[in-house]
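# quick one, structure for this:
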Amino acid sequence: MYRQLSVVLVVPVLDEAGKIGEVVRRAPRAIVDEVVVVDDGSTDGSREEAAAGGANVIELGSTQGVGAALRIGFEHVLASGADAAVVAAGNNKDAPEEIPTLLDPIADDRADLVQGSRFLSAGASLGDMPGYRRVAVRLHSHLFSRLAGCRVTDSTNGFRAIRTSVLRDPNLELDRSWLDAYELEPYLLLRAIKLGYRFLEAPVTKVYPDRALGQTKMRPVVDWWSILRPLAVAAIGGERLSRRYYSKG
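Model (predicted):
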């Protein structure tokens, strides 16, 4: 419980043994009521490592994609009756100790969704983040901002907090089948902004580990397209992004 908010931390994971245990260990239990690790078909002991740390592990049984894993995690959060969900990466790039920074604007009733940004802290270290990723993240954020109609400095950052009332909104349409991979995270952010939910960014840390430890599972072209696809749909599809529109009331 944090400032009258019950909070569930959702962590999707695929083969992050040696890292997921640290994510679970670092989760501040005085703030986070439950740590849910959604295992996307790991074969390296990630499930056991997360469970040993005290996480509630949901097994998908096979690799379905990070978007599919997050969708299952959100369904669990809604079923739990929690007030807010926080999402963090399973590869220990995010800092769970910074979760209050994401929750404060929601607790203050100033935001419904708070996106972490690695670029808002002056002098923040990005670790061994590859140069092409720095350029790609900046470019994605620029395109995202133009489509969203507001400035977003770190649109690909998955470290975020969301009021569960947002996740209950059927207008969000997270059930779309093309959101199973990397599309879901930018789609969710863009969709929530377009639906008029209050959005803020908060400075967070995202430190890339040494390349020898493995930095990302994103494949060139296929997964880069995946993360750009929601922007293309919004740019080309326009109102088709809102094919079902219900009253938020």
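# low-scoring stretches of the protein, by residue?
Applying pLDDT under 70 to the chain flags residues 125-128, 209-216, 218, 220-221, 237-249.
# helices along that one, start to end?
Listed in chain order, the helices of the chain (DSSP state H) span residues 20-26, 46-52, 66-80, 99-107, 131-148, 164-167, 184-194, 222-237.
# out of the ones you listed, deepest packed?
Most buried of these by mean neighbour count (mean count of other C-beta atoms under 10 Å) is helix 184-194; its value is a mean of 23. No exception for glycine: its C-beta is placed from N, CA and C like everyone else's.
# which residues does the residue nearest the centre of the chain contact?
For the chain, Gly158 is the residue whose C-alpha lies nearest the centre (C-alpha atoms, centre = their mean; 3.1 Å). When contacts are counted by C-beta atoms under 8 Å, 6 or more residues apart in numbering, Gly158 is found next to 87-89, 94, 185.
# for it, which non-adjacent residue is spatially closest?
Glu185 (4.9 Å; C-beta to C-beta, 6 or more residues apart in numbering).
# got it, and Gly149?
Spatial nearest neighbour of Gly149, excluding adjacent residues (C-beta to C-beta, 6+ apart): Ile193 at 7.6 Å.
# residues touching that neighbour, list them.
Contacts of Ile193 by C-beta under 8 Å, 6+ apart are 113, 148-150, 199.
# return the members of those residues classed as buried.
113, 148, 199 (16 or more other C-beta atoms under 10 Å).
# just these now: which is nearest Trp224?
Checking these against Trp224 with C-beta to C-beta, the nearest one is Ala148 at 19.7 Å.
# from Pro100, how far out is that closest one?
25 Å (C-beta to C-beta, to the nearest Å).
# same question, Leu60
Counting by C-beta to C-beta - Leu60 and Pro100 are separated by 30 Å.
# can you check Ala27 too?
12 Å.
# next one: Met129
Relative to Pro100, and taking C-beta to C-beta, Met129 is found at 24 Å.
# Ile162 against Ala85, yeah?
Yes - judged on C-beta atoms under 8 Å, Ile162 makes contact with Ala85 at a distance of 5.1 Å.
# OK, contacts around Asn56?
34-37.
# highest neighbour count among these?
The most crowded member of the contacts of Asn56 is Val37, carrying 29 neighbours; neighbours defined as other C-beta atoms under 10 Å.
# quick one: residues contacting it.
11-13, 20, 24, 46-47, 50-51, 55-58, 90.
# and if you look at Leu147?
Contacts of Leu147 (C-beta under 8 Å, 6+ apart): 190, 231, 234-235.
# how many residues are close by Ala82?
For Ala82, using other C-beta under 10 Å, the count is 21.
# what's it sitting at in phi/psi?
phi -70, psi 160 (degrees, to the nearest 10).
# so it makes contact with Thr164?
Yes - using C-beta under 8 Å, Ala82 makes contact with Thr164 at a distance of 5.9 Å.
# which ones are touching the residue nearest to Gly158?
66-67, 70, 87, 156, 158, 227.
# now do Leu103
Leu103 neighbours (C-beta under 8 Å, 6+ apart): 2-3, 5, 7, 31, 84, 86, 114, 161.
# so which of these are in strands?
Those of the contacts of Leu103 mapping onto strands are 7, 84, 86, 114, 161, per DSSP state E.
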